[in-house]
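Participant: Take this sequence and fold it.
(one chain, ligands or ions: 1)
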Amino acid sequence: MIRMLLRVLGREYAQPLRRTVSLMALTSVVEGLSYALVVPVLRELFGDTPEDAWPWLTAFGVTIAVYAALRYVSDLSGFHVGTALLRGMYHRLGDHLARLPIGWYSGSRLGEVSVLASRGVLDAMSVVAHLLAPLISASVTPLTIVAVMLAYSWQLGLAALVGVPIVAAIQLWTARSSVAEDAEREERDHEATGRVIEFLQAQPVLRAGGRTTERFRLLDDALRDVERASRRSTFKALPGAVGLTLTVQALFTAVLVLGVHLALDGDIGVAEVLTVLVLAARCADPLLSLTDIGGKQRGARSVLARLDTVLRTEPLPEAAEPVLPERHDLEFDSVVFRHGDRTVIDNASLSVPQGQRLAVVGPSGAGKSTLLQLLARFYDVDAGAVRLGGVDVRDIDPQALMAQISIVFQNVYLFDGTIEENVRLGRPDATDAEVRAAAGAARLDEVIARLPDGWAANVGEGGALLSGGERQRVSIARALLKNAPVVLLDEVTSALDPVNEVAVHEGIERLMAGRTVVMVAHRMRTVQRADRVVFLDGGHVVEEGTHDELLSRGGRYANFWNISMAPVARD
Ligand SMILES: Nc1ncnc2c1ncn2[C@@H]1O[C@H](COP(=O)(O)OP(=O)(O)OP(=O)(O)O)[C@@H](O)[C@H]1O
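Facilitator: Prediction:
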């Protein structure tokens, strides 16, 4: 467990963790010794000279005081190390997540990672803060007591010692035999939490579909699976729990019977028998709690295994000697890209000279957005190469690559902060004048003027307090402020109101000026502003040329516009 914890966290935590474990073990030994001192105290008290009990009573008092102090220090140390590990874990996970390819963040991953990053990390780290001390106490204190018993009466000590391998074997067997069930329960638990997130996110769709009171079947199924998996894992751990209880009771009875027998034979005194029985009873409690602790420990172990899997996910490889491109032309050279076994981009080649605009047109699912994602290296190609300024994007330092590219997506995500903070994200060190100039060019200044708090207005989580068109303006202002030489644009497909549409188009026109642009275009008006057009279908470049050339060719592109324009013409 500790080894796994250190693998997930990194070796730098080994020393504080080892120190805490040693402190906890020492505390448990002193606790055991304090119980052991009851024997001489009682022996003297029951003996002929009870006043001889004073030195033992003093020693007993001192041991209790030392134990209390050690308990305080070791609990505090557990708490400090636990919180330090928690912080370390968050940093490690955050740093790693920031390096993973954007393409890794698919829909289901978001739920999984949010559960791991919140409850998962807390669960795993509670091992140190809350689980380690009881676990060590439940093992070390009884062992100390058994050692003391051996000193007073080897027969009774030996009887108790027999229990040690049995208890250890039961614990080990329970842990081993329920590994699969525990992992299954954790898996189902995570799935259900993901479904809860999905259920909350799907509220607008469910309500629009009139399913306000109907329960969400996927969530219901997931919760039923959790119930089934929990039942299976509880049943699997049950024989271990029952076995442990029976063993502890049997041992206690054996020590009791043997103690009485020895006392009747006169081998040991009544005081010894009494105290050994008290000690044996004291052993029983922590031993029985091992069942509960073991369950929690197995839960934490499976969370640690999940964290380990995420942390072992390889980020996109970084070039050993990165090259900085000096030009900003773009090139797709015989690119093949697959999602699983599905080929999404199939041997596509195209190029965009520096400062020119390429519009990508095609039916839904043709691979248009994927093309943009490959340019920004959200994924790596499976074959061929994507080049910026003649340099393979895999040979460019990831941060340098992102500095060359501004991206304006259809779905704009804004952080829960002020408008100014959201625009500044484009270039955090920009001056106020530059931020205001970018906002003006994106016609965001009109939006700001309408808001009571102006620049300081909060946009709400995800930008919920702004309209779709207003959010687009923020994202264009952000891109303008970034002032990158390459612009990737995924045109908004849903209709904007006329005022926003004009403003967004104006902003985009300013953003594109003098830059190398690849835009996924859904409107004829946008395509007409491009220097060249490629028509993509099934991941292939089917046609390529200027808008007028392709229209007059009367091929797939012309046909595509004829079909998409037909409803507009009818209106
Ligand atoms: N993360 C993913 N995992 C698996 N398949 C994916 C993933 N993302 C996209 N695809 C598939 O890749 C294909 C191309 O998707 P892409 O989003 O590039 O198409 P598009 O041309 O932009 O479509 P649209 O115009 O509808 O947005 C689609 O068939 C899609 O189902």
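Participant: Okay, helices next: where are they in the stretch 201-350 of the chain?
Facilitator: Applying DSSP state H, counting those that start in this stretch to the stretch 201-350 of the chain gives helices spanning 203-208, 217-264, 270-312.
Participant: helices or strands up against the second one?
Facilitator: Going back to what we said before, that points to helix 217-264. Counting contacts by 3 or more CB pairs under 8 Å, 6 or more residues apart in numbering; DSSP states H and E, helix 217-264 is packed against helix 154-177, helix 179-201, helix 270-312. The C-beta positions use only the backbone N, C-alpha and C, and glycine is treated the same way.
Participant: same thing but at 10 Å, please
Facilitator: With contacts defined as 3 or more CB pairs under 10 Å, 6 or more residues apart in numbering; DSSP states H and E, the secondary structure elements packing on helix 217-264 are helix 132-152, helix 154-177, helix 179-201, helix 270-312.
Participant: so which of these is the most packed in?
Facilitator: Among these, helix 132-152 has the highest mean neighbour count (mean count of other CB atoms under 10 Å), at a mean of 21.
Participant: That one vs helix 270-312, what angle?
Facilitator: Between the axes of helix 132-152 and helix 270-312, defined by axes from the mean of the first three to the mean of the last three CA atoms, to 10 degrees, the angle is 150 degrees.
Participant: got the angle for helix 132-152 vs helix 154-177?
Facilitator: Note on geometry: by the same axes, to 10 degrees, helix 132-152 and helix 154-177 are set 150 degrees apart in direction.
Participant: ok but residue 373 is inside a helix, no?
Facilitator: Yes. Under DSSP: H, G, I helix; E, B strand; the rest coil, residue 373 sits within a helix.
Participant: Hmm, it is touching residue 488, no?
Facilitator: Yes. Contact criterion CB atoms under 10 Å: residue 373 and residue 488 qualify, at 8.8 Å.
Participant: what sits in contact with each of those two?
Facilitator: Common contacts of residue 373 and residue 488 (CB atoms under 10 Å, 6 or more residues apart in numbering): residue 407.
Participant: hang on, the earlier thing: with the ligand as the reference, name the closest of the helices and strands packed on helix 217-264.
Facilitator: If you check each of the helices and strands packed on helix 217-264 against the ligand by CB to the nearest ligand atom, helix 179-201 wins as the nearest, at 16.0 Å.
Participant: can you give me how far that closest one is from the chain middle?
Facilitator: 14 Å (CA atoms, centre = their mean, to the nearest Å).
Participant: which strands and helices sit next to it?
Facilitator: Other elements packing on helix 179-201 under the criterion 3+ CB pairs under 10 Å, 6+ apart are helix 107-115, helix 217-264, helix 270-312.
Participant: Let me have the ones you listed in a markdown table, extended by mean pLDDT and distance to the ligand.
Facilitator: Formatted as a markdown table, the entries for the helices and strands packed on helix 179-201 read as follows, by pLDDT from 0 to 100; distance: least, CB to the nearest ligand atom, whole Å:
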| stretch | mean pLDDT | distance to the ligand |
| --- | --- | --- |
| helix 107-115 | 71 | 8 |
| helix 217-264 | 85 | 19 |
| helix 270-312 | 78 | 18 |
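Participant: Out of those, which is closest to residue 43?
Facilitator: helix 270-312 (4.2 Å; CB to CB).
Participant: Could you give the separation of the closest one from the chain centroid?
Facilitator: The answer for helix 270-312 is 28 Å, by CA atoms, centre = their mean.
Participant: could you check the angle helix 217-264 makes with that helix?
Facilitator: Helix 270-312 runs at 150 degrees relative to helix 217-264, counting by the same axes, to 10 degrees.
Participant: can you give me phi and psi for the residue nearest to residue 372 when sequence neighbours are not counted?
Facilitator: The shortest distance from residue 372 to any residue other than its chain neighbours is 4.7 Å, reached at residue 488 (CB to CB, 6 or more residues apart in numbering). For residue 488, the backbone dihedrals (degrees, to the nearest 10) come out as phi -110, psi 130.
Participant: pLDDT on stretch 498-507, on average?
Facilitator: Averaging pLDDT along stretch 498-507 gives 78.
Participant: partners of the closest residue to the ligand within the stretch 401-550 of the chain in the sheet?
Facilitator: Checking the stretch 401-550 of the chain residue by residue against the ligand with CB to the nearest ligand atom singles out residue 520 as nearest, at 6.2 Å. Taking DSSP bridges as the rule, residue 520 bridges to residue 360, residue 490.
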